[in-house]
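In: Predicted coordinates and the sequence they were generated for:
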Amino acid sequence: AATARYALLPLRVFLGVTFIYAGLDKLTDAAFMSDSGEGSIGDLMRGVHGSSAVPAFIDLALKSPVGFGYAIAFGELAVGIGVLLGILGRLAALGGALISLSLWLTVSWATEPYYYGNDLAYLMAWLPLILAGTPVFSVDAEWARRRRRHGQRLFG
């Protein structure tokens with residue numbers, strides 16, 4: 001049962017590294033960070049507008065496609081770093097779930113059959129980390145240890 005404490009570490013490492021990579025990939029891709037053109041965020045958003053579950057999300061993103069691209073990329077970086085290092089792990093996992101949810105409802109909504117779309121699987125993968133947080137090998141764990149030690153001095 002002692003190993004159960006570490007059960008979510010592989011998921012945490014996978015999601016953390018993947019989201020860091022996704023954010024860096026977007027930030028270093030000049031074609032992606034463009035309003036239009038092959039491989040651009042703008043063309044991607046216009047291309048999925050008619051098939052998304054929530055076209056209003058696409059309309060909002062299209063007001064500033066490049067700004068939206070940067071927001072997603074920096075969000076992915078923050079989520080990835082937060083989960084990988086265990087800094088506000090539950091909040092980082094919630095951020096990852098919200099990014100995955102928004103991508104599922106827009107970019108991969110029309111994927112058939114549904115299990116070919118990866119955004120729904122990422123959304124489900126974030127849920128255990130929202131529930132459990134990052135209790136081992138994390139900044140969160142160190143903060144909790146220091147709070148306990150400080151509390152014992154105050155009341156012990």
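Out: Okay, I see it. These numbers come from a predicted model, not from an experiment.
In: Could you use CA atoms for every contact and neighbour count after this?
Out: Will do.
In: quick one: contacts for the closest residue to L120 other than its chain neighbours?
Out: Excluding its sequence neighbours, the residue lying closest to L120 (C-alpha to C-alpha, 6 or more residues apart in numbering) is W104, at 5.8 Å. Contact analysis of W104 by C-alpha atoms under 8 Å, 6 or more residues apart in numbering lists G117, D119, L120.
In: Likewise for A121?
Out: The neighbours of A121, taking C-alpha under 8 Å, 6+ apart as the test, are Y115.
In: Next one: it, what pLDDT does it get?
Out: A121 is assigned 95 on the pLDDT scale.
In: same question, A4
Out: At A4, pLDDT is 87.
In: So D35: helix, strand or coil?
Out: Using DSSP: H, G, I helix; E, B strand; the rest coil, the structure places D35 in coil.
In: On the pLDDT front, check it for me.
Out: pLDDT, D35: 93.
In: what's around A31, how many residues?
Out: By the criterion of other C-alpha atoms under 10 Å, A31 has 15 neighbours.
In: which outside residues touch stretch 74-91?
Out: Under C-alpha under 8 Å, 6+ apart, the answer for stretch 74-91 is 12-13, 15-24, 92-93, 95-96, 99, 129-135, 137-141.
In: Could you check how far that stretch is from the centre of its chain?
Out: Relative to the centre of its chain, stretch 74-91 is centred 8 Å away, using C-alpha atoms, centre = their mean, to the nearest Å.
In: Could you do stretch 98-108 as well?
Out: The chain centre lies 10 Å from the centre of stretch 98-108; the measure is C-alpha atoms, centre = their mean.
In: Just the buried residues of that stretch, please?
Out: Counting neighbours by 16 or more other C-alpha atoms under 10 Å, one finds that the buried residues in stretch 98-108 are I99, S100, L101, S102, L103, W104, L105, T106, V107, S108.
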